[in-house]
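In: model the structure of this input:
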Amino acid sequence: MNRSETSTQQLDHLGIVAGICQQIDLIGQIDQIVGTNGRKVSVGQAIQAMVLNGLGFVNRPLYLTPEFYANKPVEVLIGRGIKAEDLNDDSLGRALDAVYRVGVTQVFAQVASHALYVMNIRVRFAHTDTSAFSLEGTYAKPTETVEDEKTVPIQITYGYSKDHRPDLKQAMLGLICANTSSLPIWLTALDGNCSDKKSLVALAQAYLKQFKDAEETPYIVADSALYSKENLKTLSAVKWVTHVPVTLKQAQQLLTEIEQQQMQVGGKDYFYYERTVTYGGIEQRWLLVLSEPKLERDVKQLNKAVAKERDQANKTLKQLGRENFSCEADARLALSRLAEKWTYHRLESQVKPHSRHAQVGRPRVGAQPIVVWKARGKPMLDEKRLAALRAPLGKYIIATNELDAQKLSTAELLGVYKDQNRSVERDFRFLKDPLFFAASFYLKKTSRIMSLLMVMGLSLLVYALAEYVVRTQLVQQDQTIPNQVGKATKTPTMRRIFQMFDGIDLLIIQNGDIRLTQILNLRPIHHQLLVLLGPTIQRFYMPITYRQSWVT
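Out: Predicted coordinates for the structure are as follows:
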């Protein structure tokens, strides 16, 4: 009679991650474009293992991947016959090399495009931006062999650091996200010193090449780095939405001359004024927006700067008042030089002569006093200057070359640019989370860093798709789940849902060649979420009896 053996493995939220990967056929799509490598762990399986590791939020570098999977149901999550020790640094490193040889953008685009097809998601707005990832190490100019244009290694070098780490070399990542759901749909690794003004245009052009001439292309949405005469001419055949730089004279004039009373109500806390202008030879719509929350922040910041300048001015004037000047001209010159540094104040000054003896103590009989000049001053608010500075506060200008308001209404135009912060910028914050892959940038080869950036993008894609599914289903089925403080919400973050699945274990009972699995610690909230997530993910949290290893 066979004796049963029992063991447990941690499943937690990884069944959700693996379920989304299976739903979009992540392994199959990667193996299709990269090809089979004849190894036990295919490139697609290795990449999925890294995605699961990254979304495990354990801050464990890649070479410790076997340790991460030591207590996980590897066959369930990745594939039949795969063990934790198979996911070693050699296996993962070779997978990164294979992805690089094909092209990180090409591999990512293949998976993302198929995911959009499977999920029936249409891209109307493509939010475009770049960010820097700081790296430790020397990183000399790459010497890897360049086989073709797709596999040109990037340069890891110094550049403008969006991480505020100018002491470190960096790589840049260009990302395009779909609509308001933060779904990454295009990814490019860039040199550490690349300029946004050039890279954003190149990023948009590369992405739009995949559309056929008969297809309607998405609107490209970007920040002010895209807005220049040269870029607008380059993108003349593309529909775009972008922020107008406040440094433009034409923009400064509009920001200051239009007051709130002349603007229309655009929703809660927002007002707008629309005008058609021509810039760089391109006719376009400018939407001047006044945001009351932004106005409040800007006014607070201005008042803080005014108070700081006043305090510093009073301190400097007090020190200046102790000095003796040999003539009136020198005293006035010192005061004027001081006032030249002020932005918000004007000087109310006074210069007076003062008699004193050359030596300290009782003067000698018949000694004549000498005359010195004392400078006195007081900083006074420059109301005219302050009025000019207050006029543009809380305002910004959105521009688009879509002149047909039927195709892109004013309300939608306003919403689209507001979504820029909630879309691609949120994704960059996610990628730089200390519990994500941030600690994994120990790789010495530039090519592997490029591939790892793609893996990070795929992790973000899987995360965003899971969040999209849950939020969409909550709205369609008119349901809610509790957020972190117990309040009902239809827009939970996937991070919160992952936390809710902590403690879900897989009990394995082995009796000869028969294996029975049982899911432990499922509660009603888990069942609700699994129904929302769909049958593919539900399967990872269902008990099963079988006579062989798990078949995916």
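In: so L522 sits against Y541, correct?
Out: Yes. Applying Cβ atoms under 8 Å, one finds L522 in contact with Y541, separated by 6.6 Å. Placement of C-beta: from N, CA and C, glycine included.
In: which neighbours do those two have in common?
Out: Common contact partners of L522 and Y541 (Cβ atoms under 8 Å, 6 or more residues apart in numbering): I504.
In: more neighbours, these two?
Out: Y541 (20 against 15; other Cβ atoms under 10 Å).
In: can you give me every residue that contacts the more buried one?
Out: In this structure, Y541 makes contact with 11, 15, 504, 519, 522, 526, 530, judged by Cβ under 8 Å, 6+ apart.
In: next one: R94
Out: Applying Cβ under 8 Å, 6+ apart, one finds that R94 lies in contact with 37, 39, 43, 46.
In: where is pLDDT lowest across those?
Out: Ranked by pLDDT, the contacts of R94 bottom out at N37, which has 73.
In: thought that one was touching D97?
Out: No. Between N37 and D97 there is no contact, the gap being 10.0 Å when judged by Cβ under 8 Å.
In: and K341, helix, strand or coil?
Out: Under DSSP: H, G, I helix; E, B strand; the rest coil, the three-state class of K341 is coil.
In: okay, it: pLDDT?
Out: Per-residue confidence (pLDDT) for K341: 91.
In: from the contact counts, what lies against the helix or strand hosting L516?
Out: Under DSSP states H and E, the secondary-structure element containing L516 is strand 514-520. Secondary-structure packing of strand 514-520 (3 or more Cβ pairs under 8 Å, 6 or more residues apart in numbering; DSSP states H and E): strand 505-511, strand 544-546.
In: so which bits of the longest one are buried?
Out: Judged by neighbour count (16 or more other Cβ atoms under 10 Å), strand 505-511 contains these buried residues: 505-506.
In: what strands line up against it, and which way round?
Out: Pairing partners of strand 505-511, with direction, according to DSSP bridges: strand 5-10 (antiparallel), strand 514-520 (antiparallel).
In: any idea which of those gets closest to Q260?
Out: The closest of those to Q260 is strand 5-10. By Cβ to Cβ, the value is 56.2 Å.
In: per-residue pLDDT, K294?
Out: For K294, the model assigns a pLDDT of 93.
In: distance of it relative to K395?
Out: Taking Cβ to Cβ, to the nearest Å as the measure, K294 falls 8 Å from K395.
In: in terms of neighbours, single out the busier of these two.
Out: When neighbours are counted by other Cβ under 10 Å, K395 comes out ahead of the other of K294 and K395, with 24 against 16.
In: quick one, phi/psi of that one?
Out: Backbone torsions of K395, given as degrees, to the nearest 10, read phi -110, psi 150.
In: show me what contacts it?
Out: Taking Cβ under 8 Å, 6+ apart, we find K395 in contact with 255, 288-291, 294-295.
In: if you set the cut-off to 10 Å instead, what comes out?
Out: Under the criterion of Cβ atoms under 10 Å, 6 or more residues apart in numbering, the neighbours of K395 are 246, 251, 254-256, 258, 260, 263, 271-273, 288-291, 294-295, 298.
In: do E5 as well
Out: By Cβ under 10 Å, 6+ apart, the neighbours of E5 are 508-512, 515.
In: in CSV, list the helices and strands packed on strand 514-520 along with mean pLDDT and distance to L413.
Out: Converted to CSV, the helices and strands packed on strand 514-520 look like this (pLDDT from 0 to 100; distance: least, Cβ to Cβ, whole Å):
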stretch, mean pLDDT, distance to L413
strand 505-511, 87, 49
strand 544-546, 59, 51
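In: re the thing from before, buried subset of the contacts of R94?
Out: By the neighbour-count criterion of 16+ other Cβ under 10 Å, those include these buried positions: 37, 43, 46.
In: phi, psi of the last one?
Out: Backbone torsions of A46, given as degrees, to the nearest 10, read phi -60, psi -40.
In: my guess is it meets L26, correct?
Out: No. With contact defined as Cβ atoms under 10 Å, A46 does not count as touching L26 (11.3 Å).
In: mean pLDDT lowest for which of the strands paired with strand 505-511?
Out: Of all the strands paired with strand 505-511, strand 514-520 carries the lowest average pLDDT, namely a mean of 85.
In: what is the orientation angle of the helix or strand following it with strand 514-520?
Out: For strand 514-520, the following helix or strand on the C-terminal side (DSSP H and E) is helix 524-533. Between the axis of helix 524-533 and that of strand 514-520 there is an angle of 110 degrees, by axes from the mean of the first three to the mean of the last three Cα atoms, to 10 degrees.
In: what lies in contact with helix 524-533?
Out: Applying Cβ under 10 Å, 6+ apart, the set of residues contacting helix 524-533 is 13, 15-16, 19-20, 23, 466, 469-474, 476-477, 479-482, 492, 497, 500-501, 504, 519, 522, 537-542.
In: rerun at 8 Å
Out: Helix 524-533 is contacted by residues 16, 19, 466, 469-470, 473-474, 477, 479, 481-482, 497, 500-501, 504, 537-538, 541 when judged by Cβ under 8 Å, 6+ apart.
In: what about the helices in the stretch 401-550 of the chain?
Out: Listed in chain order, the helices of the stretch 401-550 of the chain (DSSP state H, counting those that start in this stretch) span 410-422, 424-431, 446-476, 494-500, 524-533, 535-538.
In: and the third one with helix 424-431, angle?
Out: Meaning helix 446-476. If you take the same axes, to 10 degrees, helix 446-476 sits at 120 degrees to helix 424-431.
In: now do helix 446-476: distance to the chain's middle.
Out: Its chain's C-alpha centre and that of helix 446-476 lie 13 Å apart, by Cα atoms, centre = their mean, to the nearest Å.
In: over to the last one?
Out: Centroid separation for helix 535-538 versus its chain: 30 Å, with Cα atoms, centre = their mean.
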